[in-house]
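>>> Pasted the sequence and its predicted model underneath.
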Amino acid sequence: MMYGLLLESIQHYIIEKYGRDHWNKILEHVQQKNIVFTTHQIYTDDLVKRIAKGCCHVFNEQKREDDYMLFFGQCFVKFFNHCGYDQIVRLQGRHFRDFLHGIDNLHEMMRYSYPRMVSPSFLVQSEDRYGCVLSYRSKRTGFKNYVAGQLAQCAKMFYDIDIELEILLEELLTTGCNVTFRINFDNSAYCTPLQASVLNNFFDDIEYISNELFFKVFPFSIVFNKDMVVTMTGDRMSKWLDTNDLIGSYIDVRFKLRRPILEFTWESIITHQTVVFELQCANLTPRRHSIASIMTSFKENFLTSKHKLIFRGQMRYIPCWDAIAFLCNPLVGSLDDMRRVGLYINDLNLFDCSRDIVLNGWQYASQLEFSLEQQQDKSKLIEETMEKQEEWRNKSEALLYSMIPRTIAERLKRGEDPVKTCEMFDQVTILFSYIVDFTDICAEASAMQIVKCINAVFTCFDAVVDKYDVFKVETLGDAVYMVAGGVPDRNENHAVNVAGLAIELVEKAASLTDPVSGDNLQLRAGMHTGSVVGGIVGKRMPQYCLFGDTVNTASRMQSYSEPGRIHLSEPCHECLRGKGFTTVFRGTLNVKGKGEMNTYWLAGRDGEKRTKVICELLKTEKAKKMKTQYRFLSFKIPRFKLCKKKVHRCKTVFILPCKTELVRQWI
């Protein structure tokens, strides 16, 4: 688990470098959309690594997850300046080596502000003029590059030096990981330790203190020998615990080593005497001299891992005893902690700041707890507000995209002038469709029936349009449905998409019923391909509209179509040639305002059973018309054989346009 401060730093600098839109995409990728990180809120450890993977997915920078983890570590060091923690780091020591030796102590200073912090352990294993070897142990895995980023940024910001880091060893343990770094930097502040003889001469004139005075100064100290057996304890420890039960037992059995993260052995402790140790009670029984009610509460809380007492201090080797003394104090941060573990104020050391820390910490902890609750409530309220905002934003965007294409709407949202959205499109396919006999339906049906019918038709059509890469231009009150392909997003398959849509719309219309007669509705459709001009029209209710002769021609194709049929112009037919569709030549029509045009029927997709049926039906209808035309011509032509003008005015010529040439040859 980790505090939100780490995640806040990542959020701050990603937004600063890449923008809030990219950050929102990252949150969406890690399934944490609309989350609000709070400084003192606890989050899972894997969230940082998931965000790093999200960065790899969102950003096209050819960076690995480790690169982003390194960046996150640098971000954290820069970010905690805003919280005032930079002053603590600056005062850790005059040199970078001093900082490295005191990282664990730095974490301990933060314990009262972040009591649930699970901090790693750092140890300088060796040191020379050109750097040092640093051991990093943690219960977390996958954070070695994050730590490397922190170390590099601290060296640069606070000591103005550049360092080089090399991973010498990385071990994955059952309890976490162990990573050894070689850090190269100008370590001129390092000097060879003084010889033992010099130290001995220095302390020759200092008298040894008595055991009684020693344990009075360190009332909670524990002394153990090379066999890890407890030989002596401090005065307060003996009063709080049954010393007969503790003395003579193994310290590594009665206590669990919490910090640093290493093996609890004599050899390990000897080499880590400059590091802060934390021991947690494992198998100890309190002295039974307290009030029964207090002890009952104490036992219940003491046996739970959450409330087990922790001792914090330094391990020092005492040569005259040939033993190690754990110079410690109970780690309590409030009066509630003392009550849970059965301690009293007068149990604490009179010669250090333990009593002041507890008393001051009690007031500070109460204020901090109240502030934390307020912050969490505000954070929850912000999350709920952002979720509602996201919900309404999606609704408003859906409404906007229903009037204006998404690409155009995005350009307008970025502040682009609407006039600049107007463009010329060389190749666009437009479809017009119409509900046959809708005028008669309106004449006989009630207003509510008409509204329900239109709503059912257009709702059904809108669902079909979403499956194709086309744009629904508009729907008119008289049951006209207009769709365009290749605009505003240019697409080479514009005719194919519109043709596929037209076939499905005709099929869907047949499944809807006439509210008056109860019969199935029929759709009449027409398509044309050509150039148009598209752009935003209007300010109060802006709408994306298309202009040009292509729109008019497509409308004429629909007007000259037949129920259940899809009428194509010749340019549209050419666009569909060899694209998996079957078309049938209808003939040459004299289209109003356009003159004579070669037109086609769209029978369907190649190879489909329905397409073959429609083709056979069209051939049969064409044969009947030709037969009727020949009969009509044989009856009419002798009557006008001397009048060329009357032949041209004769309606017989226009009943079957494909026979016009035959009449001319006869004349």
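Cool, got the structure.
>>> Show me where the stretch 101-250 of the chain has its strands.
Along the stretch 101-250 of the chain, counting by DSSP state E, counting those that start in this stretch, strands occupy 121-128, 131-138, 164-173, 176-184, 222-224, 230-233.
>>> In which helix or strand does residue 396 reside?
Using DSSP states H and E, residue 396 sits in helix 354-403.
>>> Tell me the helix or strand right after that helix.
Next along the chain after helix 354-403, with elements defined by DSSP H and E, is helix 406-413.
>>> which residues sit against that following helix?
397, 400-401, 404, 418, 420-421, 488-489, 536, 544 (Cβ atoms under 8 Å, 6 or more residues apart in numbering). To be clear about C-beta, it is placed using only N, CA and C from the backbone, and glycine gets the same treatment.
>>> just how off-centre is that helix within its chain?
23 Å (Cα atoms, centre = their mean, to the nearest Å).
>>> what's the spacing between the following helix or strand past it and its chain's center?
As assigned by DSSP H and E, the chain's next helix or strand after helix 406-413 is strand 423-435. Here strand 423-435 shows a centroid-to-chain-centroid distance of 38 Å under the convention Cα atoms, centre = their mean.
>>> which parts of whichever helix or strand comes after strand 423-435 are buried?
Going down the chain from strand 423-435, the next helix or strand is helix 438-444, by DSSP H and E. Using 16 or more other Cβ atoms under 10 Å as the burial criterion, the residues of helix 438-444 that qualify are 438, 441-442.
>>> Can you tell me which of those is closest to residue 460?
Distances from residue 460 to the buried residues of helix 438-444, taken as Cβ to Cβ, are shortest for residue 438 (15.1 Å).
>>> okay but the closest one is in contact with residue 481, surely?
No - contact between residue 438 and residue 481 fails when scored by Cβ atoms under 8 Å: they sit 11.2 Å apart.
>>> what about residue 458, distance to residue 465?
10 Å (Cβ to Cβ, to the nearest Å).
>>> Give me the mean pLDDT for stretch 276-296.
Regarding stretch 276-296, the rounded mean pLDDT is 60.
>>> actually stretch 562-571, not the one I typed
91.
>>> ditto for stretch 157-169
Across stretch 157-169, the average pLDDT comes to 92.
>>> Would you mark the buried spots in it?
158-159, 163, 165.
>>> Those residues in helices, which ones?
Members of the buried residues of stretch 157-169 lying in helices (criterion: DSSP state H): 158-159.
>>> returning to that earlier point: can you put the contacts of helix 406-413 in a markdown table and add pLDDT and distance to residue 104?
What follows is these, written out as a markdown table (pLDDT from 0 to 100; distance: Cβ to Cβ, whole Å):
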| residue | pLDDT | distance to residue 104 |
| --- | --- | --- |
| 397 | 81 | 51 |
| 400 | 79 | 56 |
| 401 | 78 | 56 |
| 404 | 78 | 60 |
| 418 | 77 | 62 |
| 420 | 78 | 61 |
| 421 | 78 | 61 |
| 488 | 86 | 61 |
| 489 | 84 | 59 |
| 536 | 82 | 63 |
| 544 | 82 | 64 |
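>>> Next, format the residues you listed as JSON lines and append neighbour count and distance to residue 473.
What follows is the contacts of helix 406-413, written out as JSON lines (neighbours: other Cβ atoms under 10 Å; distance: Cβ to Cβ, whole Å):
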{"residue": "397", "neighbour count": "14", "distance to residue 473": "19"}
{"residue": "400", "neighbour count": "17", "distance to residue 473": "16"}
{"residue": "401", "neighbour count": "14", "distance to residue 473": "13"}
{"residue": "404", "neighbour count": "21", "distance to residue 473": "11"}
{"residue": "418", "neighbour count": "17", "distance to residue 473": "17"}
{"residue": "420", "neighbour count": "11", "distance to residue 473": "20"}
{"residue": "421", "neighbour count": "20", "distance to residue 473": "15"}
{"residue": "488", "neighbour count": "20", "distance to residue 473": "11"}
{"residue": "489", "neighbour count": "14", "distance to residue 473": "14"}
{"residue": "536", "neighbour count": "22", "distance to residue 473": "13"}
{"residue": "544", "neighbour count": "22", "distance to residue 473": "7"}
